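Novice: model the structure of this input:
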Amino acid sequence: MNEVILIKEGEIALKGLNRSDFENRLIKNIKQKLKLLGNFRYENAQSTITVEPLEECDMDVVEKKISAVFGIASYSRAAKAPKNFDKIKAVAKNYLQDHLKICKTFKVEARRSDKSFPLKSPQICAEMGQFLLDEFSNLRVDVNEPDAVVKIEIRDQAAYIYSKKFSGAGGLPQGCGGDGMLLISGGIDSPVAGWMMAKRGLKLQAIHFASPPYTSERALKKTEKLVSKLCRWCDCIPFHCVDFAGFQEEIHKKCPKDLMTIIVRRMMMKISQSIIKDQNSRGYCNIQAIVTGESLGQVASQTLGATLCTNSVCSLPVFRPLIGMDKSEIVSLARKIGTFETSILPYEDCCTVFTPKHPRTKPRLSDVENAEKNLEVEKLIKEAVKKTKFYLIRE
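Specialist: Next up is the predicted model:
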């Protein structure tokens, strides 16, 4: 039996003249996800992408990969049949029998895209329904709340039969929204922020600030694992690891303790933009935004005043997709995308190094800028960028 996966577009179907760009990107992303699993044929028609294996493969693994591709509203595993109604009935019986044997009620839904097919949709439903009633004595028809819905799609090239539909990852195909740099710590919030922006089509790179010997190798491995979990949704992610210890030591020595938190945040933004400028100049990418996991008021560096001070050093837009969410909502999303259990591992990150007991929650920009005059900022940035390690992380 020839089994395929039918993929339904979501938001892409609402696009106008550039719709094909989104569809082509989606197909490209699907191909990238499946390239190691075998050879496939891809067809795109009427807001549906058909993925058909050309050789034997593990369809459970194929399905799992497709479930994490942004831009897909829903998908179904379906049996492909010739456009002959007797053959369609035979395939439906064989393909769905395990599912129908454990159900009590069912209904049939049909969609006839190929208007040359001799039976209209209501006729397909009626005749297929009667056939299945004759074949499965345990079944009766319930059009309101059936245990199973048998779906028949008559398309230009073939007929497709399936019963189960699964929700896709939604959003837009990754890459159609440009490139962004995710500031990722070892906490709960930043991986969720990266996932949310990838869902809106942003192709991610990640930057992490480590402070050895104050932070351990285990803390770095934890962050790398978080990025690898995002790779399930984003494919491979370029990873920049900044040695931030020297910078933090200087801030601790020369700046007021209650302003350390916001100064550290500003320096992270400056270093990130320096690395972005370097990456863009090399032609590797065109990063045009920074992504953070900030939520308004959650900690001292995320108050409105602190955010104003941070933004003042940013020449790029800063996306904060969690800004209006509370912690329980963020945790729920972290569990959904599979990062929560790793995020709560008890390894320190640079944000906990030299943390003042009483950070200022309403910093004035003039006070922060005056405090930074004690630092050789440009020299420290160059040293940090020079010692930054770069590598790819995969799922």
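Novice: unless I misread the structure, L36 falls within a strand.
Specialist: No. Assessed with DSSP: H, G, I helix; E, B strand; the rest coil, L36 is coil; it does not lie in a strand.
Novice: and it, its phi and psi?
Specialist: With angles defined as degrees, to the nearest 10, L36 sits at phi -90, psi 0.
Novice: need the three-state assignment for N24.
Specialist: Counting by three-state DSSP, the backbone at N24 sits in helix.
Novice: separation between it and K15?
Specialist: Per Cβ to Cβ, to the nearest Å, N24 is found 12 Å from K15. For every residue, glycine as well, the C-beta is placed using N, CA and C.
Novice: pLDDT value on M1, please?
Specialist: Per-residue pLDDT puts M1 at 71.
Novice: ok, it touching N94?
Specialist: Yes. Counting by Cβ atoms under 8 Å, N94 is a contact partner of M1 at 6.5 Å.
Novice: neighbour count: those two, which is higher?
Specialist: Using other Cβ atoms under 10 Å, the more surrounded residue of M1 and N94 is N94, with 13 against 8.
Novice: so which bits of the longest helix seen in the chain are buried?
Specialist: Counting by DSSP state H, the longest helix found in the chain is helix 260-281. Buried positions in helix 260-281, judged by neighbour count with 16 or more other Cβ atoms under 10 Å: 260-276, 279.
Novice: swap in stretch 40-48?
Specialist: Buried positions in stretch 40-48, judged by neighbour count with 16+ other Cβ under 10 Å: 40, 48.
Novice: likewise for stretch 325-345?
Specialist: Buried residues in stretch 325-345, counted by 16+ other Cβ under 10 Å: 325, 330-331, 333-334, 337-340, 342-343.
Novice: with only the CA atoms kept, save it in CSV.
Specialist: In CSV, the C-alpha atoms belonging to stretch 325-345 read as follows (Å, rounded to 0.1, in the frame of the first residue of the first chain):
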residue,chain,number,x,y,z
MET,A,325,3.5,36.7,29.4
ASP,A,326,3.6,35.5,33.0
LYS,A,327,5.9,32.7,34.2
SER,A,328,3.3,30.0,34.2
GLU,A,329,2.5,30.7,30.5
ILE,A,330,6.2,30.6,29.6
VAL,A,331,6.7,27.4,31.6
SER,A,332,3.8,25.8,29.7
LEU,A,333,5.4,26.6,26.4
ALA,A,334,8.8,25.4,27.6
ARG,A,335,7.2,22.0,28.4
LYS,A,336,5.5,21.9,25.0
ILE,A,337,8.7,22.5,23.0
GLY,A,338,10.7,20.1,25.2
THR,A,339,13.2,22.6,26.8
PHE,A,340,11.8,22.9,30.4
GLU,A,341,13.5,19.9,32.0
THR,A,342,16.9,21.0,30.7
SER,A,343,16.3,24.6,31.7
ILE,A,344,15.8,23.8,35.3
LEU,A,345,19.0,21.8,35.7
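Novice: got a list of contacts for that stretch?
Specialist: The set of residues external to stretch 325-345 that reach it, using Cβ atoms under 8 Å, 6 or more residues apart in numbering, is 186-189, 191-192, 195-196, 222, 225-226, 229-230, 232-233, 295, 298, 322.
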